[in-house]
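**Q** My questions are about this predicted structure, shown below with the sequence.
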Amino acid sequence: KRAGKGRVVWLSARGETAPVARQAQLRRRLQLAVAAGGFRLHYQPLLDLATDGSLAVEALLRWHDEVLGSVPPSEFIPVAESVNLIQQIGRWVFNEACAQAGAWLEAGSPRTISINVSPIQLAANKVVGELLAAMAAHRVPAELIRVEITESSAIADFPRAIKQLAQLREAGIGVDLDDFGTGYSSVGMLRDLPLNTVKIDKSFIDNIDTSEREAAFVGGLINIAHAWGLKVTAEGVERPEQLEVLRELGCDTAQGYYISRPASASDLPGAQALAALQ
Ligand code: C2E
Ligand code: CA
Ligand code: CA
Ligand code: CA
């Protein structure tokens, strides 16, 4: 209704909307990109607040299409999920991330890579085998791979998803809950899922350096997570003042534009540049 009379919009599981025509075009172009290989991975460093220098990154998918230009993942991932392309794209991400992890390892500067896994992928029951196969193909040990998951109403078979997460953990792969505090992840998930880390969503980090209320809330979350044996990562850190507050609150890891924007593997800041932020 907000878009005007007589218009139809398509609602994704994540709440974004796009006109039907754009959806159809995205679907067609995505299909081509999956076949022809139109994707790249960028990597964003995670700053370990306890040690100096960070050697962990999150893999973030990038798609540049000849016709559509650069399309952000927030727009094309929901489309890929809705037309069953997410499995293939997810497999490509596994292989590409493991190839990069293997290359860094071989070069003598191993970095841990966190890979985003869609709830639809989790529900399909093949994730564990596919990820382990990609790791084996590139000789990547489990301690260099982590998986980030979000809750979704799209997980129809939640017990099966939990089983897969448990298998990942048994294989030595870290499992992290993404976007904590948004509608997609809740305290119930913290309690019920086999997790290593909670990533507190950017929206809770935005004002921690200007609002004592917000800082106290994040501090409370950190304490709960720690009491439950979980590590905490703060997302979306854009200012040094936020980093300072997070240190005081005992947060384990920080990620955000202030530390580094996502970049191609060759453009990532080195350990020394990151250590300077300590
Ligand atoms: P996410 O997993 O929560 O990733 C963090 C997003 O926040 C990234 O957006 C990153 O570029 C952005 N970001 C990081 N630091 C800052 C900051 O300081 N300020 C601001 N404003 N933004 C920051 P991006 O790359 O556009 O990815 C959006 C979402 O798309 C991701 O959110 C994730 O849910 C999804 N996604 C990305 N890559 C993949 C993938 O390979 N597979 C799946 N299934 N989903 C992916
Ligand atoms: Ca993530
Ligand atoms: Ca996130
Ligand atoms: Ca997000």
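**A** In hand now; what should we look at? Ligands and ions are numbered 1, 2, ... in the order given.
**Q** can we go C-alpha only for contacts and neighbour counts from here?
**A** Fine.
**Q** Quick one: name the residues of the stretch 151-278 of the chain near ligand 1.
**A** Taking CA under 6 Å from any ligand atom as the contact definition, the stretch 151-278 of the chain meets ligand 1 at 179, 236, 237, 238, 256, 257, 262.
**Q** where's the second one relative to residue 261, distance?
**A** Yep, that's residue 236 we're talking about. Using CA to CA, to the nearest Å, residue 236 is found at 10 Å from residue 261.
**Q** Neighbour count: the two, which is higher?
**A** Ranked by neighbour count (other CA atoms under 10 Å), residue 236 and residue 261 place residue 236 first, with 21 against 17.
**Q** and the more buried one, what element?
**A** Counting by DSSP states H and E, no helix or strand carries residue 236.
**Q** cool, residue 70 as well?
**A** Using DSSP H and E, residue 70 sits within strand 69-71.
**Q** what's in contact with that strand?
**A** Residues from elsewhere that reach strand 69-71 (CA atoms under 8 Å, 6 or more residues apart in numbering): 62, 63, 64, 65.
**Q** didn't residue 150 look like it was pressed against residue 121?
**A** No - applying CA atoms under 8 Å, one finds residue 150 not in contact with residue 121, separated by 11.2 Å.
**Q** one step back: of the residues of the stretch 151-278 of the chain next to ligand 1, which is the most crowded?
**A** Neighbour-wise, those (other CA under 10 Å) top out at residue 179, 23 neighbours.
**Q** what's the longest helix seen in the chain packed up against?
**A** Secondary structure of the chain read by DSSP state H shows that its longest helix is helix 86-106. If you count contacts as 3 or more CA pairs under 8 Å, 6 or more residues apart in numbering; DSSP states H and E, helix 86-106 packs onto strand 39-48, strand 112-117, helix 119-123, helix 127-137.
**Q** With only the CA atoms kept, save that helix in PDB.
**A** Taking Å, rounded to 0.1, in the frame of the first residue of the first chain, the C-alpha atoms of helix 86-106 are listed here in PDB:
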ATOM      1  CA  ILE A  86      21.500 -20.400  -2.600                       C
ATOM      2  CA  GLN A  87      22.700 -23.900  -2.500                       C
ATOM      3  CA  GLN A  88      24.900 -23.500  -5.500                       C
ATOM      4  CA  ILE A  89      26.100 -20.100  -4.500                       C
ATOM      5  CA  GLY A  90      26.800 -21.300  -1.000                       C
ATOM      6  CA  ARG A  91      28.900 -24.100  -2.400                       C
ATOM      7  CA  TRP A  92      30.900 -21.600  -4.500                       C
ATOM      8  CA  VAL A  93      31.400 -19.600  -1.300                       C
ATOM      9  CA  PHE A  94      32.700 -22.600   0.600                       C
ATOM     10  CA  ASN A  95      35.200 -23.500  -2.200                       C
ATOM     11  CA  GLU A  96      36.400 -19.900  -2.700                       C
ATOM     12  CA  ALA A  97      36.800 -19.300   1.000                       C
ATOM     13  CA  CYS A  98      38.600 -22.600   1.500                       C
ATOM     14  CA  ALA A  99      40.900 -21.900  -1.500                       C
ATOM     15  CA  GLN A 100      41.800 -18.500   0.100                       C
ATOM     16  CA  ALA A 101      42.300 -20.000   3.600                       C
ATOM     17  CA  GLY A 102      44.500 -22.700   2.000                       C
ATOM     18  CA  ALA A 103      46.500 -20.000   0.100                       C
ATOM     19  CA  TRP A 104      47.100 -17.900   3.300                       C
ATOM     20  CA  LEU A 105      48.100 -21.000   5.200                       C
ATOM     21  CA  GLU A 106      50.500 -22.000   2.400                       C
END
